[in-house]
Every structure is written in C-alpha cells, then in structure tokens.
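A.B. asks: here are the coordinates; sequence isn't available:
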C-alpha cells in the first residue's frame, strides 16, 4: 500500500477516526467456500456473510480498540480466520462492540481478477492515487506515479518532464507516454 504519512498524521490528529477503527469498509462480503486462496470452511465460520470490516490495505486501529478486539479471541467470541486478517478484525470488532468507521480517504485498486470497465483506463487507474483527498491507496499501478503526484508541484514537473524518476511511466501499463 502507498500512503501520504504527513497528511495521514494530520488527519488522525484532527480526530477524524472517532471509533479508532477506520479505513475503507467492506459490507456484506460472502465467505469463499471453495476454490480460492481465501476459502473459509463453513464449520470454521458458519455465517453467510462477514460483519462490516476495514479492508487490509490501510487500517487505522487504536490501542484501546485493539485491546477490546483481541480480548474476544481469548474468550472465544472472536474466531481467527486464516489468511483473512481484515475480516477477522471485523469479526473481533463486532464481538467487542467496536464500530468500523468508513473513510473515503482510504482507497484501493480493484483486485487483479476484476474485469476492467473499459479499454484504455490504464491511465485513470494509475492516477487514482493522485486524488487530493487520498491518504492511503492499496495496490497502486505505480508507486512512482503516486509519489510524483504527492510531491510538491516543482518536483512533480521535474520528475514527469525530465524523467528524473527512473521508469516513471514504464512502471505503468501505458503503451505510449504523454505528459501534459
């Protein structure tokens, strides 16, 4: 994941994460029951969906919230799901009464198996981390593009027009590179 650490710290210090469990939420996710890396057997987790949880690309988790959540694993209320740590946190949060707080400052690119909406959206996908309100971006197309977008204007221009960032555009999925 890619992050803007100073802006994230300012966001936290401004009290934007009131529940101390914040990020990009997933709701009503159905457990995979077979044929997947993320398979969860029904005997381990019999419910038909996971409680709302914060996805693993970027999670803000305060100490008190974590302590409450971990206590549920000790007393048996919270199950530990192998390879699905973010859904496990959601199960623990629900059992502990900790509410996941969604934030649109946390974003992610769709998983690799997701069909793209349209041909030619590589540039749009690469620049998704450049939105001014983005604090954390999971699975960026190019860390170099995200870093260039987050830099001050003079640094952006120098990196993009003078190619001071090695392979800036070749790290993306572009067939041609145009800098405007």
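C.D. replies: Noted; the coordinates are in hand. This is a predicted model, so every value here is computed, not measured.
A.B. asks: From here on, just use CA atoms for contacts and neighbour counts.
C.D. replies: Noted.
A.B. asks: if I look at residue 38, how far off is residue 12?
C.D. replies: 31 Å (CA to CA, to the nearest Å).
A.B. asks: give me the number of residues near the residue nearest to residue 69 when sequence neighbours are not counted?
C.D. replies: Nearest residue to residue 69, sequence neighbours excluded (CA to CA, 6 or more residues apart in numbering): residue 92, at 4.9 Å. Neighbour count of residue 92, defined by other CA atoms under 10 Å: 27.
A.B. asks: Helix or strand: which one has residue 92?
C.D. replies: helix 85-96 (DSSP states H and E).
A.B. asks: Okay, now the sheet partners of the next helix-or-strand element following that helix, with direction.
C.D. replies: Per DSSP H and E, helix 85-96 leads on to strand 101-102 as the next helix or strand towards the C-terminus. Next to strand 101-102 in the sheet, as set by DSSP bridges, lie strand 21-26 (parallel).
A.B. asks: Identify all contacting residues around the helix or strand following the strand it pairs with.
C.D. replies: The element immediately downstream of strand 21-26 (helix or strand, assigned by DSSP H and E) is strand 53-61. Strand 53-61 is contacted by residues 1, 17, 20-27, 85-87, 89-91, 100, 102, 106, 108, 136-139 when judged by CA atoms under 8 Å, 6 or more residues apart in numbering.
A.B. asks: By mean pLDDT, which helix or strand of the chain comes out lowest?
C.D. replies: None of the helices or strands of the chain scores lower by mean pLDDT, DSSP states H and E than helix 153-161, at a mean of 52.
A.B. asks: report the angle between the axes of whichever helix or strand residue 11 is part of and strand 53-61?
C.D. replies: Using DSSP H and E, residue 11 sits in helix 5-13. Using axes from the mean of the first three to the mean of the last three CA atoms, to 10 degrees, the direction of helix 5-13 lies 90 degrees away from that of strand 53-61.
A.B. asks: Rounded mean pLDDT for helix 5-13, please.
C.D. replies: Average pLDDT, helix 5-13: 91.
A.B. asks: Pull out the buried residues from it.
C.D. replies: For helix 5-13, a neighbour-count test (16 or more other CA atoms under 10 Å) marks residue 8 as buried.
A.B. asks: what bridges to the closest residue to residue 90 other than its chain neighbours?
C.D. replies: Distances taken as CA to CA, 6+ apart put residue 53 closest to residue 90, at 4.2 Å, once the chain neighbours are dropped. Beta bridges link residue 53 to residue 26, judged by DSSP bridges.
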